[in-house]
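Colleague: predicted model and sequence follow; I will ask about them next.
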Amino acid sequence: MATKDFTTNDPMIDPETGEFRVLGQGQTFNSVTAKISDIVLTPHTPWGWYGFFVVAGSVTGILMTAVTWLFLKGVGIWAITQPVAWGFAIINFVWWIGIGHAGTLISAILLLFKQGWRNSINRFAEAMTIFAVVCAGMFPLIHVGRPWLGYWLFPLPFTMNVWPQFRSPLLWDVFAVSTYATISVVFWYLGMVPDFGTLRDRAKSPFAQYFYGMMSLGWRGSVKHWMRYETASLLLAGLATPLVLSVHTVISFDFAVAVLPGWHTTIFPPYFVAGAIYSGFAMVLTLAIPLRKFYHLEALVTERHIDNMGKVMLGTGGIVAYGYGMEVFMSWYSASHWEFFMMWNRMFGPMGWAYLVLIFCNIAFPLTTLWVRKWRTNITFMFILSLIVNTGMWFERFVIVVTSLYRDFLPSSWGTYRATKWDYATFFGTLGLFTFLFLLFVRFLPMIPMNEIKLMLPSAKIKPKEPAAAGSEGH
Amino acid sequence: MAIPVEGTYGMLAEFETPSDLVRAAQAAYKNGWRRMDCYTPYPVEEAAEAIGFHKNRVPLITLIGGLMGLVAMFSLETWISVLAYPVNIAGRPLYSWPAFVVPAYEWTILWAGLSACFGTLALCGLPTLYHPLFNVPNFRSGATDDKFFLCLEATDPKFEIVSAREFLEEQGPVSVVEVEY
């Protein structure tokens, strides 16, 4: 897509294809190693990092306070009651786990599709997945009321001989989310093992040598190991892809299996998965844009990445818009009075403002502007857009949960929902926890996979002297 | 089988580019060397091909793990719902297998993924925190950064300190060193 607006002497544009370069020019194996490992191994932590760390740590403190109070008093400190028995906890759970899905998409699905550009962003997208799942997984646990009995969710042989009910989507959720968390951690850690080897070999302080040495498991870069490692990565990617689709599908079953208007719909699984990826890419942008600026990673996370993520958001946003449209259409086409009323109430009822926010943030704003390449590559614009989409996707879950519940079949049982300060404290607290974990990650772990970047450099190409050697490829 | 040279792990040659390494590995294989390994900072498939490493058993281990997870979860669900704790919910059948598919599916992926990870580590013999190669200073500084290595191991029947060194020096390396235990 070479357009006349761009001059070919722009160093970030490949003159042959007219596309943005995936990596900046002039990178060598050694410069990649130095750039990425020095962020971790430097003894000088940037002051800005401490600043953010203190702020995020304080917000995490709010979360700890809110959760402690919750354990002391019970879920009554939240706004949940009849008819809205599911409030912020489930909204935040779905929102956070949705954010996590983009990390898996980047690390797994784009790997299977051989999208080389993902290599710069996959590590911290995976980290984002894990921290988002940490935040998400907390909500069902604290929401059960007696979190010390949380292990009852698992099929364990108790003395009272009670077993879980396998016909319930809520139990499916337990298996989906716990599998997702485990596989994400395994994939992430296995991916970091060679980079830990690099850090071990470059570390100057004995403590860092010892720590990264243990973490690297003694990785020495044998090609036999590399080949098994590559196979395992591909297999894990192939396993994570159906997994990530199943996780949000199962979460949508929590709603879709109920008979409530606004929940009881077959469009939920694909629409939830697309929405998850949409919000997740927005979160990747929210994290990647400040990080590349702060750590001067513009040559590794380039405009091409921002542009491509914008395109993915445009695609998934389109699916989300179709989902919204289909919900409205079905409420009319179903000829069900309750469905119709639910949609009317959702749009024009007392909480109609939430629906308007959702339409503006998820459709009206992003899906009109993301078509323009100039805006997709405008870093400031994309950062603001990512925040707007994240807000919009939170409101989507709010609209699905609350506006379906608060005015159900019987007018005498209608109510409303107004979140308490403890609801807000818990939600904002998880934002703090997420940032806190992410800051630890960028300080102590390699945030860009060095070996995968090296594979993309022009010097990694094998140039055979004898033509006989040209035929070797694949494994 | 020749007796391995006492106290020597092998002969290690360092190369500047991956192409040099692949050529050297191909030459070594053609020359009859079998017990050898290449060390690279990122996966170089051509080097693995060159030393005759074509297949690995990770996919098989993953498949077996996945099938075990599937069987384990489906049987557990069936046993619990039909025998151990039968609950009549609105007259639905006890053996309601479609509902059991979801957790069984998740456990297939869980077990397959864990088998892929731990199977890979086991096949690679990791964790191995000590390895003789780490005694070589240029290996420590280059193998995980930007240098490429070929090691002819002392367990190869062809191995002799002098001839191995001579062979490697013909391949245009940056350096050739003996690796000691």
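Modeller: Structure's in. What do you need?
Colleague: for the rest of this, base every contact and every neighbour count on C-alpha atoms.
Modeller: Will do.
Colleague: correct me, but B:Asp146 touches B:Tyr39?
Modeller: No - B:Asp146 is beyond contact range of B:Tyr39, at 10.7 Å (criterion: Cα atoms under 8 Å).
Colleague: the more surrounded of the two?
Modeller: B:Tyr39 (28 against 21; other Cα atoms under 10 Å in any protein chain shown).
Colleague: got the contact list for the residue nearest to that one when sequence neighbours are not counted?
Modeller: Nearest non-adjacent residue to B:Tyr39, counting by Cα to Cα, 6 or more residues apart in numbering or on different chains: A:Ser222, 4.4 Å away. By Cα atoms under 8 Å, 6 or more residues apart in numbering or on different chains, the residues touching A:Ser222 are B:37-40.
Colleague: if you count neighbours, what's buried in stretch A:258-272?
Modeller: A:260-265, A:267-272 (16 or more other Cα atoms under 10 Å in any protein chain shown).
Colleague: returning to what we had before: want to throw the contacts of A:Ser222 into JSON lines with secondary structure and pLDDT?
Modeller: Shown next, in JSON lines, are those (DSSP: H, G, I helix; E, B strand; the rest coil; pLDDT from 0 to 100):
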{"residue": "B:Asp37", "secondary structure": "strand", "pLDDT": "88"}
{"residue": "B:Cys38", "secondary structure": "strand", "pLDDT": "89"}
{"residue": "B:Tyr39", "secondary structure": "strand", "pLDDT": "90"}
{"residue": "B:Thr40", "secondary structure": "coil", "pLDDT": "89"}
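Colleague: what is the nearest of those residues to A:Tyr333?
Modeller: Within the contacts of A:Ser222, the smallest distance to A:Tyr333 is 61.6 Å, found for B:Thr40 (Cα to Cα).
Colleague: surely that closest one touches B:Phe139?
Modeller: No - applying Cα under 8 Å, one finds B:Thr40 not in contact with B:Phe139, separated by 10.1 Å.
Colleague: counting neighbours, go ahead and name the busier of those two.
Modeller: B:Thr40 (27 against 22).
Colleague: which of the buried residues of stretch A:258-272 fall in helices?
Modeller: Applying DSSP state H to these, the entries found in helices are A:268-272.
Colleague: can you list the residues you listed in a markdown table and add distance to A:His305 and pLDDT?
Modeller: Formatted as a markdown table, those follow (distance: Cα to Cα, whole Å; pLDDT from 0 to 100):
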| residue | distance to A:His305 | pLDDT |
| --- | --- | --- |
| A:Phe268 | 30 | 88 |
| A:Pro269 | 28 | 88 |
| A:Pro270 | 25 | 89 |
| A:Tyr271 | 25 | 88 |
| A:Phe272 | 24 | 88 |
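Colleague: and which of those is nearest chain B?
Modeller: A:Pro269 (13.8 Å; Cα to the nearest Cα).
Colleague: identify the residues contacting that closest one.
Modeller: Counting by Cα under 8 Å, 6+ apart, A:Pro269 has contacts A:248-250, A:252-253.
Colleague: low-confidence ranges, the chain, go.
Modeller: Went with chain A since none was named. Along chain A, segments meeting pLDDT under 70 span A:1-22, A:24-25, A:464-475.
Colleague: try again with chain B
Modeller: B:1-5.
Colleague: top helix in it by residue count?
Modeller: Under DSSP H, chain B gives helix B:97-124 as its longest helix.
Colleague: residues in contact with residue 97?
Modeller: Unless you meant another one, I'm taking chain A. A:129, A:132-133, A:136, A:276.
Colleague: that's the wrong chain, I wanted chain B
Modeller: B:Thr78.
Colleague: ok, it to A:Ala258 distance?
Modeller: In this view, B:Trp97 and A:Ala258 are 20 Å apart by Cα to Cα, to the nearest Å.
Colleague: so the spatially most central residue of chain B versus chain A, what's the distance?
Modeller: Nearest residue to the geometric centre of chain B (Cα atoms, centre = their mean): B:Cys124, 4.0 Å. Using Cα to the nearest Cα, to the nearest Å, one obtains 6 Å as the distance from B:Cys124 to chain A.
Colleague: which residues in chain B form strands?
Modeller: B:8-15, B:36-39, B:148-153, B:175-180 (DSSP state E).
Colleague: residues touching the third one, excluding its own?
Modeller: In this case it means strand B:148-153. Contacts for strand B:148-153 (Cα under 8 Å, 6+ apart): B:9-18, B:21, B:24-25, B:33, B:35-41, B:139, B:142-143, B:159, B:164.
Colleague: tell me the strands beside it, with direction?
Modeller: The strands beside strand B:148-153 in its sheet (DSSP bridges) come out as strand B:8-15 (antiparallel), strand B:36-39 (antiparallel).
Colleague: what residues sit buried inside that strand?
Modeller: Neighbour-count burial for strand B:148-153, counted by 16+ other Cα under 10 Å, picks out B:148-153.
Colleague: please name the nearest non-neighbouring residue to B:Thr8.
Modeller: Leaving aside its chain neighbours, B:Thr8 sits nearest to B:Glu180 (4.6 Å; criterion: Cα to Cα, 6+ apart).
Colleague: now that neighbour: how far from chain A?
Modeller: In terms of Cα to the nearest Cα, B:Glu180 sits 16 Å off from chain A.
Colleague: quick check: A:Phe166 touching B:Glu77?
Modeller: Yes - applying Cα under 8 Å as the test, A:Phe166 and B:Glu77 come out as touching, 6.8 Å apart.
Colleague: with neighbour numbers in mind, choose between the two.
Modeller: When A:Phe166 and B:Glu77 are compared for neighbours, B:Glu77 comes out ahead with 27 against 21, by other Cα under 10 Å.
Colleague: and the gap between that one and B:Trp97?
Modeller: Taking Cα to Cα, one finds B:Glu77 at 9 Å from B:Trp97.
Colleague: repeat for A:Trp78
Modeller: If you go by Cα to Cα, the gap between A:Trp78 and B:Trp97 works out to 37 Å.
Colleague: could the strands paired with strand B:148-153 go into JSON lines alongside distance to A:Leu300?
Modeller: Listed next are the strands paired with strand B:148-153 as JSON lines, based on distance: least, Cα to Cα, whole Å:
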{"stretch": "strand B:8-15", "distance to A:Leu300": "26"}
{"stretch": "strand B:36-39", "distance to A:Leu300": "25"}
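Colleague: tell me which of the ones you listed lies nearest to A:Cys361.
Modeller: Of all those, strand B:36-39 sits nearest to A:Cys361, with 50.2 Å by Cα to Cα.
Colleague: who's in contact with the closest one?
Modeller: A:220-224, B:21, B:25, B:47-48, B:51, B:143, B:148-153, B:156.
Colleague: just stretch A:393-401 next, same as before
Modeller: Counting by Cα under 8 Å, 6+ apart, A:86-88, A:90-92, A:94-95, A:262-263, A:275, A:279, A:346, A:354-355, A:357-358, A:361-362 sit against stretch A:393-401.
Colleague: quick one: secondary structure of A:Phe207?
Modeller: helix (DSSP: H, G, I helix; E, B strand; the rest coil).
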